[in-house]
Each structure stands twice: as C-alpha cells, then as structure tokens.
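Q: Provided below for reference: sequence and predicted model.
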Amino acid sequence: MRVLLVEDDADLSRQLKQALGDAGYAVDHAPDGEEAHFLGDTEPYDVVVLDLGLPKIDGVSVLERWRRDGKTTPVLILTARGAWSDKVSGFDAGADDYLTKPFHTEELLARLRALLRRSAGIASATLSCGGLRLDPKAARATVNGEPLRLTSLEYRLLHYMMMHQGRVISRTELVEHLYDQDFDRDSNTIEVFIGRLRKKVGSERIETVRGLGYRLTPLAGETEAA
C-alpha cells in the first residue's frame, strides 16, 4: 500500500518514513503544503498522513482542495494542535481520523490499518482469501496455516491484491500502488513478482485476465474471504 506522508519536521519525517517502510508501505514524503497538494492531486495514494501546521499552504487548505477536486483518499490529520476547534476544522475539511502529537508510532500504524480496512469495506483485522491469510499488523501471511516467506515487494503485492480480491487489477495500478515516487517503475517487473507470488501461494489463486490484469480468488472449493 502506498502512503503520502506530509510533515515539515525533518527528524519526525525520517522516523515515520522508517516505521512506515518497515510496516510494508511505499512512502512518499512532502515537506510543505504546496508539494503535498501536487502529489495528492497527481499520484494515486491509498492513505495520507497530513500535518496541519505546514509551510506555504496549511494542511486544512490542502485537504479542502483535495476534497473539492473529488479526491476520496483516506486522510489522517497529524498535528501538535490539541484544541478542539482545530480538530473540528480538520474533520469539516474532510479528514477521516485525527492524531495529536506526541504519539506512539504503533497507534499511528493501527489507525492507518483501520482507515485502509474501512475504505476497502473490510471488517476483519486479518485479510483472508480461502486458505490464504494475511495479518497486516504482524506483516505475516500464511497458506493453509503454513507461513510464507515473502520479500518486501512480494508482501506489498499480496497485501494490495488481498485488499482488492475478486477484482481485476491492471499492471499499471499495481505499479502505482506498490512503488514510491522515486522508484524506477517498470510494469514489466510486475509479471516477475506475480510469477514469484504464484509459486508461493498457489498458481491457481492468481488469475491472469488477458489484456486487463490479474485477479486474486480462492481456490475451487474454498470459502470466500472472511
């Protein structure tokens, strides 16, 4: 999953980029409201962490512009402001959640997982597709109870496909959501990762829809996602 981190504090940004990367996210960073608005307007993020007190354009204004433009990406407001009026302004601008500094990184990660579940219409904290299970909190996956050994990109790919299982996902969409902005993107590499993932989860679970993309489904006889 791909996240936009909007934070002007350099030390906090480094800490959060590290934590988000370790949790399996592809992370882009914007240090001010102007760059944040541009990235949010041009890149397809799964979730945004947005500070309110930003240089150039404040966070509330950035969020208001996104929502006016029809951007529905879940946004978590991250700020040092604790006044109730600031929280109300953030929610009225279109925020989906709010976290006040200082905070524990684990709480931020838990809130992001909850936002992603809600945006995908998923109730359970653990993702499942037949005998395939993925625990986003632990960043672990199993097939019929057996643990899978996945690289970071294989994990991102499986996570995204499980969040959107049953739907055909194009190679372009996978590239846009698996890699951060600075990564040398090549849609042909997706085929390589799909091939590797098929060997680990079972080739029949990932269907190639010719000319359109890939679809993750349970095996014949398995129950649908829990």
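A: Perfect, thanks for sending it.
Q: For stretch 84-93, could you pull out the residues that count as buried?
A: Using 16 or more other C-beta atoms under 10 Å as the test for burial, stretch 84-93 gives 86, 87, 89, 90, 93. Heads up, the C-betas are built off the backbone N, CA and C, glycines and all.
Q: Nearest to residue 17 among the residues you listed?
A: For residue 17, the closest of the buried residues of stretch 84-93 turns out to be residue 90, at 22.4 Å, with distances computed as C-beta to C-beta.
Q: my guess is that closest one meets residue 78, correct?
A: No. The pair formed by residue 90 and residue 78 falls short of the contact definition of C-beta atoms under 8 Å, at 9.9 Å.
Q: Quick check: phi and psi on the closest residue to residue 25 other than its chain neighbours?
A: With C-beta to C-beta, 6 or more residues apart in numbering as the criterion, residue 25 has its nearest non-adjacent residue at 4.8 Å, and that residue is residue 3. With angles defined as degrees, to the nearest 10, residue 3 sits at phi -120, psi 140.
Q: I'd like to know which of the buried residues of stretch 84-93 is nearest to residue 37.
A: residue 93 (12.9 Å).
Q: tell me the contacts of the closest one?
A: Counting by C-beta atoms under 8 Å, 6 or more residues apart in numbering, residue 93 makes contact with 60, 63, 64, 67.
Q: now these as TSV including secondary structure, distance to residue 102 and neighbour count?
A: Below are these laid out as TSV (DSSP: H, G, I helix; E, B strand; the rest coil; distance: C-beta to C-beta, whole Å; neighbours: other C-beta atoms under 10 Å):
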residue	secondary structure	distance to residue 102	neighbour count
60	helix	21	22
63	helix	22	28
64	helix	26	15
67	helix	28	15
